[in-house]
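>>> This is a predicted model, with the sequence first.
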Amino acid sequence: MTERCNKTDFGNNLCSLHVWHFSALHKPPRTIFAGQIISNVDIYDNWVVYLYHEAPMDGPLTVSAYNLAGGSQCTKALSDTASCSIQYASPKAVNIIHLNSNSMSDPTLVGIELLQDDTKAFDHLAETKVMMCKRDNIWTRRIDDSRFVVCAPTSDAPSTMPEPNLRLMEVSNSAEEPSLTEVWSQSISVMDVQPIVSRNLLRVKQRNGRISLRSLLDGTEVRMDVSGSWIHSGLYPPKIQWHRIPEKTAWRDPRRDDTLAISRSTKCESSPSALAYAQNDVVTVLDYAADNSRQRIWYRPRIA
């Protein structure tokens, strides 16, 4: 899947999203949307969920869920939307976490709503409210089928925060109806997070590139080094091997290799055996699978 943003004079935010099947990269893609004002895109399993404005940007945001397998689509106008993400997906339905907040104050009250789309309509399943420190946009990210984080990124010191800016939430499915409950909360300098579910850890990227590991059980800090190659691939060594790796062991980022001519600001996408870097209309693929050595492949995708 490839997301492509078209830079225009209208807020610099008109975007298009095109989807390729990995077994048919030579064929024209399927266009999910084109020339819309997009503020949020999330892709998981066979579903794409995105928030968009109809131009001009004076109306409510609309959430749309698109089923890649069946080609069906459902939309719903939302008010005071801050972010949304896919929480759970099945072949016929998708559950979405929707955050809403209309306040610029710090701290701010954030509404958290669990919605379900069955390709016909969005149904309300559960909701709760939490107070959050707000120094920037608040967003949510899936951990697994039952857990997600609500984050207000900031580089400020925790002592200056009137409320936590990182909360781990859980979807509890009781016999009667689902509910949203808090597992733990932290006041912490955080710019981005990435779950390491296989090790029950949360990787927290902080100011100046510092990495902190937090236990998904209670939020306590876990002191272990993290290699850049693990972050890109999403694969981590067994715990006993992880502890044996010498401290400060460095992985050479391909963006620091002058012979590859990859800009250091280029975004990386990965699979367990390859890294892909997109620059302008050229994608550079570094294949680590062949003979345990890195091979370089150029690919120029075509929209039409």
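Thanks, I have it.
>>> tell me, how many neighbours does Thr160 end up with?
Around Thr160 there are 10 other residues, counting by other C-beta atoms under 10 Å. For the C-beta atoms, the positions are set from N, CA and C on the backbone; glycine is no exception.
>>> how about it, what does it touch?
With contacts defined as C-beta atoms under 8 Å, 6 or more residues apart in numbering, Thr160 has no neighbours.
>>> and the gap between it and Tyr50?
34 Å (C-beta to C-beta, to the nearest Å).
>>> cool, and Ser271?
From Ser271 across to Tyr50, the span is 23 Å (C-beta to C-beta).
>>> Lys120: neighbour count?
Lys120 is flanked by 9 other residues according to other C-beta under 10 Å.
>>> Same check on the one 4 residues further on?
Burial measure for His124: 10 neighbouring residues, criterion other C-beta under 10 Å.
>>> what residues are up against it?
Residues in contact with His124, defined by C-beta under 8 Å, 6+ apart, are Glu113, Leu114, Leu115.
>>> So which of those belong to helices?
Among the contacts of His124, none falls in helices (DSSP state H).
>>> quick one: pLDDT of the closest residue in space to Ile245 that isn't next to it in sequence?
Among residues not flanking Ile245 along the chain, Asp225 sits closest, at 6.6 Å (C-beta to C-beta, 6 or more residues apart in numbering). With respect to pLDDT, Asp225 scores 72.
>>> I figured Asp225 hits Pro237, correct?
No. The pair Asp225 / Pro237 is not scored as a contact, 11.2 Å apart, by C-beta atoms under 8 Å.
>>> intersection of neighbour lists for the two?
Contact criterion C-beta under 8 Å, 6+ apart; residues shared by Asp225 and Pro237: Ile245.
>>> Ser271 and Tyr50: which is more packed in?
Counted by other C-beta under 10 Å, Ser271 and Tyr50 do not tie: Tyr50 has more neighbours, with 23 against 16.
>>> In the stretch 201-304 of the chain, where is pLDDT below threshold?
Scanning the stretch 201-304 of the chain for pLDDT under 70 picks out 228-229, 232-234, 247-251, 272, 288-304.
>>> what about the strands in it?
201-205, 211-215, 221-222, 268-271, 274-279, 282-287, 295-299 (DSSP state E, counting those that start in this stretch).
>>> For the first one, which outside residues touch it?
When contacts are defined by C-beta under 8 Å, 6+ apart, strand 201-205 is touched by residues 143, 149, 166, 168, 188, 190-196, 211-216, 222, 226, 231.
>>> Quick one, which of these are buried?
143, 149, 166, 168, 188, 190-191, 193, 195-196, 212-214, 216, 226, 231 (16 or more other C-beta atoms under 10 Å).
>>> Which of these sits closest to Ala278?
Ile231 (18.0 Å; C-beta to C-beta).
>>> who's in contact with the closest one?
Ile231 touches Gln194, Arg203, counting by C-beta under 8 Å, 6+ apart.
>>> what number of residues lie near the residue nearest to Ile245?
Residue neighbour count, defined by other C-beta under 10 Å, stands at 15 for Asp225.
>>> do you know how far Tyr236 is from Leu286?
Distance, Tyr236 to Leu286, using C-beta to C-beta: 20 Å.
>>> My error: substitute Arg223 in the last question.
According to C-beta to C-beta, Arg223 stands 31 Å off from Leu286.
>>> ok, the two, which is more surrounded?
With neighbours defined as other C-beta under 10 Å, Arg223 and Leu286 compare such that Leu286 has more, 19 against 7.
>>> what's across from that one in the sheet?
Counting by DSSP bridges, Leu286 is bridged to Leu275, Arg296.
>>> and it, how far is that from Phe22?
Taken as C-beta to C-beta, the span from Leu286 to Phe22 is 17 Å.
>>> same question, Gln241
Going from Gln241 to Phe22 by C-beta to C-beta gives 30 Å.
>>> what do you get for Met161?
Distance from Met161 to Phe22, by C-beta to C-beta: 43 Å.
>>> which one of those two has more residues nearby?
Neighbours per residue, other C-beta under 10 Å: of Met161 and Phe22, the larger number sits with Met161, 22 against 7.
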